[in-house]
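# Quick one, fold the following:
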Amino acid sequence: MLARPGLPSFDYVRASTPDEVIRLLEEHGEAVQLLMGGTDLFVRMRDGFIRPQIVVDVKHLPGMRDILYDGQAGLMVGAAATMNEIARHPDVQAHYPLLALAANSVASYQLRNRATVGGNLCNGSPAADTAPAALVLEGQIVLYGPDPSTDPSGFPKPEGSKAGSGQCGEREVLAGEYFLGPGQTAMQAGEFMTAIRFPVPPAGNAGRYLKLGRNKVGDLSIVGVAVFGFPDGAAPSGYRFRIGLASVAPTPLRALRAEEVLAANPPGEETFAFAADKAMEAASPIDDVRASATYRKAMVRALTLRGLREVWERLHDQT
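Numbering: from 1, shown residues only. The predicted structure is shown next:
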């Protein structure tokens with residue numbers, strides 16, 4: 001049995017301000033890798049996929065591990081907040097239970113003590129478990145870097161930021177516009193993720209995240225489906241549903257045609273089955289070692305239908 005290679009040598013820097021991170025990125029470029037939880041970074045380093053000269057620890061920057069809720073502004077989750085911190089946080093459980101479900105589905109309990117929401121999203125993996133929740137909750141990815149846009153949120157900026165000075169600051173990217181391809185995101189060179197912000201969810205909402213893996217816990221998703229529903233008097237059906245999919249296309253995505261079906265037709269088994277068909281059509285998976293494309297598409301339909309039934313039951317019980 002061959003031993004795995006160890007980590008390559010590197011310089012460790014514990015950043016004290018966001019601008020220090022930007023300076024290091026500008027000076028050293030691809031020789032720098034950022035550290036939050038390290039559950040993906042150190043595996044890739046160990047296996048020789050990347051060999052950074054400098055590892056910059058950003059998890060101790062002000063605000064990076066904060067989870068803050070405001071009744072007007074919504075929820076802000078620092079990029080270095082761990083999955084267990086998110087899943088157990090009382091404000092997340094009370095107001096964004098779908099996000100708590102998604103965070104709690106990542107890997108194992110031990111890894112969730114280290115794995116961060118920023119690490120889960122910043123790599124642009126199609127299989128990221130928190131991505132479907134970010135999509136249907138219409139999260140905004142907060143990026144810090146040169147040439148900032150204005151910051152419209154009601155939350156404080158990180159200490160050490162110079163937003164508005166023409167040097168460095170924040171910009172926000174809607175989750176639906178963040179994922180560009182496998183391993184590709186809207187994050188530009190010289191930027192890093194500091195937080196994800198969620199608006200106040202609609203009243204009377206219900207959500208469900210369903211994940212299929214090769215085993216019950218600890219595995220990457222073969223299929224991930226988030227279903228989020230809420231009453232909306234402007235919709236012909238009286239309700240809106242949002243459906244997010246993971247691991248079945250080059251990027252996490254919203255099943256928009258399925259959502260249109262659900263908004264236009266009375267909630268019920270026939271409508272849910274038709275919407276599940278549309279969700280399946282939105283998927284464009286590949287064959288790989290974990291599952292075939294045909295199986296993944298079938299499971300998109302099955303999990304979407306199950307999610308719609310469960311969300312509708314909760315919505316119906318609240319009326």
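# Which residue ranges of the chain form strands?
Using DSSP state E, the strands of the chain run over 11-14, 32-35, 54-57, 67-70, 74-78, 140-146, 168-174, 179-181, 184-185, 192-198, 206-212, 223-231, 239-246, 253-254.
# How many residues are close by Gly74?
Number of residues near Gly74 (other CB atoms under 10 Å) recorded here: 22. (Each C-beta comes from the backbone N, C-alpha and C, glycine too.)
# cool, and Glu172?
The burial count for Glu172: 18, using other CB under 10 Å.
# My understanding was that it contacts Tyr144; is that so?
No - counting by CB atoms under 8 Å, Glu172 does not reach Tyr144; the two are 10.6 Å apart.
# okay, the nearest residue to Leu98 once chain neighbours are set aside: pLDDT?
Nearest non-adjacent residue to Leu98, counting by CB to CB, 6 or more residues apart in numbering: Gly207, 3.1 Å away. pLDDT recorded at Gly207 is 98.
# Now do the contacts for Gly207.
Applying CB atoms under 8 Å, 6 or more residues apart in numbering, we find Gly207 in contact with 97-98, 101, 133, 136-137, 226-229, 311.
# Could you pull out the buried residues of the longest helix anywhere in the chain?
Across the chain, the longest stretch assigned as helix under DSSP state H is helix 293-318. Of all the residues in helix 293-318, those buried under the rule 16 or more other CB atoms under 10 Å are 296-297, 299-308, 310-312, 315.
# Please name every helix or strand in contact with it.
strand 206-212, strand 223-231, strand 239-246, helix 269-282 (3 or more CB pairs under 8 Å, 6 or more residues apart in numbering; DSSP states H and E).
# Okay, now the sheet partners of the first one, with direction.
The partner list of strand 206-212 in its sheet, established with DSSP bridges, is strand 223-231 (antiparallel).
# now swap in the third one and tell me
Strand 239-246 has these partner strands in its sheet, going by DSSP bridges: strand 223-231 (antiparallel), strand 253-254 (antiparallel).
# Please export the C-alpha coordinates of it as PDB.
Output in PDB follows, covering the C-alpha atoms of strand 239-246 (Å, rounded to 0.1, in the frame of the first residue of the first chain):
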ATOM      1  CA  TYR A 239     -47.900  30.500  -4.400                       C
ATOM      2  CA  ARG A 240     -44.400  30.800  -5.600                       C
ATOM      3  CA  PHE A 241     -41.800  28.000  -5.500                       C
ATOM      4  CA  ARG A 242     -38.100  28.200  -6.200                       C
ATOM      5  CA  ILE A 243     -36.100  25.100  -7.100                       C
ATOM      6  CA  GLY A 244     -32.300  24.800  -6.900                       C
ATOM      7  CA  LEU A 245     -30.300  21.900  -8.300                       C
ATOM      8  CA  ALA A 246     -26.800  20.800  -7.600                       C
END
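# re the thing from before, could you export the strands paired with strand 239-246 as JSON lines, including mean neighbour count and distance to Gln167?
Output for these, formatted as JSON lines (neighbours: other CB atoms under 10 Å; distance: least, CB to CB, whole Å):
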{"stretch": "strand 223-231", "mean neighbour count": "27", "distance to Gln167": "37"}
{"stretch": "strand 253-254", "mean neighbour count": "21", "distance to Gln167": "35"}
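# Let me have those strands in CSV, adding mean pLDDT and distance to Ala291 as columns.
Below are the strands paired with strand 239-246 laid out as CSV (pLDDT from 0 to 100; distance: least, CB to CB, whole Å):
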stretch, mean pLDDT, distance to Ala291
strand 223-231, 97, 8
strand 253-254, 98, 18
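# just the contacts of Gly207 now: which is nearest Arg14?
Ala133 (30.2 Å; CB to CB).
# so what's the closest one up against?
Counting by CB under 8 Å, 6+ apart, Ala133 touches 98-99, 101-103, 139, 207, 209, 226, 244.
# how about the buried residues of helix 293-318, which pair is most distant?
Largest separation among those by CB to CB: Arg296 and Leu315, giving 27.6 Å.
# in the stretch 151-300 of the chain, what spans have low per-residue confidence?
Scanning the stretch 151-300 of the chain for pLDDT under 70 picks out 151-166, 216-218.
# actually the stretch 1-150 of the chain, sorry about that
For the stretch 1-150 of the chain, the ranges with pLDDT under 70 are 1-5, 147-150.
# go with 90
1-7, 47, 107-109, 123, 147-150 (pLDDT under 90).
# ChimeraX command to pick out the buried ones of the contacts of Ala133?
In ChimeraX syntax, the buried subset of those is picked out as below (16+ other CB under 10 Å):
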select :98,99,101,102,103,139,207,209,226,244
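# ok, Ala203 to Asp232 distance?
For Ala203, the distance to Asp232 equals 10 Å [CB to CB, to the nearest Å].
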